[in-house]
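Asks: I need the structure of the sequence given here:
(2 chains)
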Number of protein chains: 2
Amino acid sequence: MTQLQLADLPTPVLILDRARLLANTARMRDRAASLGLSLRPHMKTAKSATVAILAHAGTKGPVTVSTLVEAAHFAAAGFRDILYAVPVAPQKLDQAAAIMRDTACDLKLITDNIAVAEAIAAAGRRLGVRFRTLIKIDCGLGRTGIAPDSPDLLPLAAALSAPGAELAGVLTHAGHSYHAHSIAEIKAIAEDERLAVVTAAGRLRAAGHACAIVSVGSTPTALHAESYAGVTEMRPGNYMFFDLFQAGVGSCRMEDIAVSVLATVVSHHPGRGHLLLDAGGLALSKDTGANEHSPGTGYGLVCRPGDAVPLPDLAVRDVHQEHGLVGRRDGGAADFLSAHPPGSRLRVLPNHSCMTAAMYDRYYVTDPAVAGGLAVVAEWDRVNGW
Amino acid sequence: MTQLQLADLPTPVLILDRARLLANTARMRDRAASLGLSLRPHMKTAKSATVAILAHAGTKGPVTVSTLVEAAHFAAAGFRDILYAVPVAPQKLDQAAAIMRDTACDLKLITDNIAVAEAIAAAGRRLGVRFRTLIKIDCGLGRTGIAPDSPDLLPLAAALSAPGAELAGVLTHAGHSYHAHSIAEIKAIAEDERLAVVTAAGRLRAAGHACAIVSVGSTPTALHAESYAGVTEMRPGNYMFFDLFQAGVGSCRMEDIAVSVLATVVSHHPGRGHLLLDAGGLALSKDTGANEHSPGTGYGLVCRPGDAVPLPDLAVRDVHQEHGLVGRRDGGAADFLSAHPPGSRLRVLPNHSCMTAAMYDRYYVTDPAVAGGLAVVAEWDRVNGW
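Replies: Okay, the predicted model is just below:
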């Protein structure tokens, strides 16, 4: 049987470069080991048990998930230590307990709300399980979590120490590191992140709570923190794939970005300075965050199909639902069209791989060492939705 | 068996109000009939054969689609007149022919590129089918299509008159009507839209081509055009559901919006002025287009679960992948929290229903006449991806 080629695939499709994935995941494993931390990768980006096993160098190690659909996927695949790191809705506790019972998995929850903490313990008693739960701490992002010195910390711990629940630790997420403008600023945010959870853990332990897990996580801080003293684990996720946003914030090089969207040129509009791709707002996502650090990135940068190095000066300048318009970043003339006739292919590097990948139910995996990166060496499923 | 209630559903889920859907679709049928036009609704928003049949008052009438996955879905459901209204990639012609052969469906294509037109005819000869193809005309949007007076028009028509192809007509899309700031401006754009295709059709007929279909389509122009003389069909799509963007541009009232996302309150952050929903950038989409006409709309407006009338002054002010932050549109104090305790539900009206709906594989259908809009009266599948 001949090997499936990228040229055989209907577009748009999601391409995953295995060599880059392996390099990115090895780098973060080494980084966690050098810091003396457990690595609990956030699988909200990859949403794939196959990728998680690669990220753990062949084992089914600890993972973080963003939905109970992901939790069920990883539990069914044999992962036993799963942290559902979005504040749990009381209505989801029955489903969480079912996953724990069906798979004997240690599924941990989070909250920062006393009413929810009480609901967790009550549901645990009703359902005959013990919900191990972490308290979410805010370290400056201002999205969710309580302050490390919040008066709510000990009442939350008390509520989570009632029968039906168990206080498993504290966690935080330094998402504001995405908006840092220098490595020095990321290092400062990483220290805030560390201090937030270490302070909260100290208060809990002083009050007699065990607080076994002290968890941090964001790709920029994970890569640049100088010390995570007192922290037990990190939860970066985007680092497996990276994207133009992470390249802009200094987390990776352009040539580390492991996912891209393969698209087909379907028309030329020389008078308007663009060519038309069959990949638009759904195939690429409408996330324009990468422009914060790299103005002119538009909805993604474009590469030839066999590699993933951006062609100079080109970007997806505008998208409609199924239309992507590729032109010069400076708005200049369409002198690039003859190199990309209708029917030819381009790869688009995504602004934000978490959002882009969520539109696809599978990865077509390539390797630059196999057929110049133009052959499909594997197909891996991913799980979406709720 | 007791009826499934909204309260039983895990969130986030997509809710479709049947009464609004029926009213919106009846209104556009009446509108098309009053203009003497055939209605070929664009199913890129709803992506559901069930919804298309309702839009056609019970029949499997003409439809427009944005992907070949949609084309296959509607062909398998018995629709016989399908227009794939994104410029076709030459590589998709085998799949298009397979759908035509397997279902005896009249699947029409579009292009505006002579090389693609020649590839269409060649593929038709190779595959033993005749690809009926429309020429895409630009009426001012500047996305794709040739100008009505373009020198490429007749060569395109000639290429599409070769064996293996057939010139089926002309079409245009006045997407720039979305950025109009008055009904008068929409009316002017609708007249440009009409003139573009009527002019192109006139040139084709003068050269001896039949040009049976003269097709226009955008929800704002379809609703406000004063005349579509010379046009044969309209292709609006968003009108079935509407959204905050369409409300802002004047296509609908807030109480016509038929889709919403049901979400659960998972925490309160009074100091930061917001509550946290379990619906974020994936569940709502990151499309912020509605803010162009309605500043402060953020990522959506929120309603109580049983109706879909926005609560005054509240919006989803920020999103992360699975987190939505609801606060006052003016950034004011979180004096609304006590009305929405953790575990309570809210509905979010979407900025752009085409993007939001694409994240879900089904509609949970409600009707205000059944259990106060809190019961699930039906579940309808939808088709996503490529």
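Asks: next SSE after the helix ranked longest in chain A?
Replies: Across chain A, the longest stretch assigned as helix under DSSP state H is helix A:183-206. As assigned by DSSP states H and E, the chain's next helix or strand after helix A:183-206 is strand A:213-216.
Asks: I'd like the average pLDDT over that next one.
Replies: For strand A:213-216, mean pLDDT is 98.
Asks: try stretch A:129-137
Replies: 98.
Asks: stretch A:145-162 too?
Replies: For stretch A:145-162, the per-residue pLDDT averages 98.
Asks: then stretch A:222-234?
Replies: Per-residue scores along stretch A:222-234 average to 96.
Asks: can you give me the buried ones in it?
Replies: Residues of stretch A:222-234 classed as buried by neighbour count (16 or more other CB atoms under 10 Å in any protein chain shown): A:A222, A:L223, A:H224, A:A225, A:Y228, A:V231, A:T232, A:E233, A:M234. Where C-beta positions appear, they are placed from N, C-alpha and C, glycine not excepted.
Asks: return only those of the residues you listed found close to chain B.
Replies: Counting by CB under 8 Å from any CB of the partner chain, nothing from these sits close to chain B.
Asks: A:G296: neighbour count?
Replies: The burial count assigned to A:G296 is 14, neighbours taken as other CB atoms under 10 Å in any protein chain shown.
Asks: same question but for A:A207, I mixed them up
Replies: 12.
Asks: I figured it was touching A:A157, is that so?
Replies: Yes - applying CB atoms under 8 Å, one finds A:A207 in contact with A:A157, separated by 6.9 Å.
Asks: spatially nearest residue to A:D330, not counting backbone neighbours?
Replies: Closest residue in space to A:D330, ignoring its immediate chain neighbours: A:D313 at 6.7 Å, by CB to CB, 6 or more residues apart in numbering or on different chains.
Asks: which pLDDT value goes with that neighbour?
Replies: A:D313 carries a pLDDT score of 92 in this model.
Asks: and if you look at the one 3 residues further on?
Replies: Looking at A:V316, its pLDDT reads 98.
Asks: please apply the same query to A:L277.
Replies: Here, the pLDDT recorded for A:L277 equals 98.
Asks: so what's it bridging to?
Replies: A:V265, A:G324 (DSSP bridges).
Asks: am I right that it is in contact with A:H268?
Replies: No - the pair A:L277 / A:H268 is not scored as a contact, 11.2 Å apart, by CB under 8 Å.
Asks: out of these two, which sits in the busier spot?
Replies: A:L277 (32 against 22).
Asks: which ones are touching the more buried one?
Replies: Contact analysis of A:L277 by CB atoms under 8 Å, 6 or more residues apart in numbering or on different chains lists A:A263, A:T264, A:V265, A:V266, A:V316, A:H323, A:G324, A:L325, A:V326, A:L346, A:V348.
Asks: now distance to A:T297 and neighbour count too, for the residues you listed, in CSV please.
Replies: As requested, those are arranged in CSV below (distance: CB to CB, whole Å; neighbours: other CB atoms under 10 Å in any protein chain shown):
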residue, distance to A:T297, neighbour count
A:A263, 16, 27
A:T264, 22, 24
A:V265, 20, 26
A:V266, 22, 29
A:V316, 9, 28
A:H323, 18, 23
A:G324, 13, 30
A:L325, 14, 23
A:V326, 13, 29
A:L346, 15, 25
A:V348, 11, 30
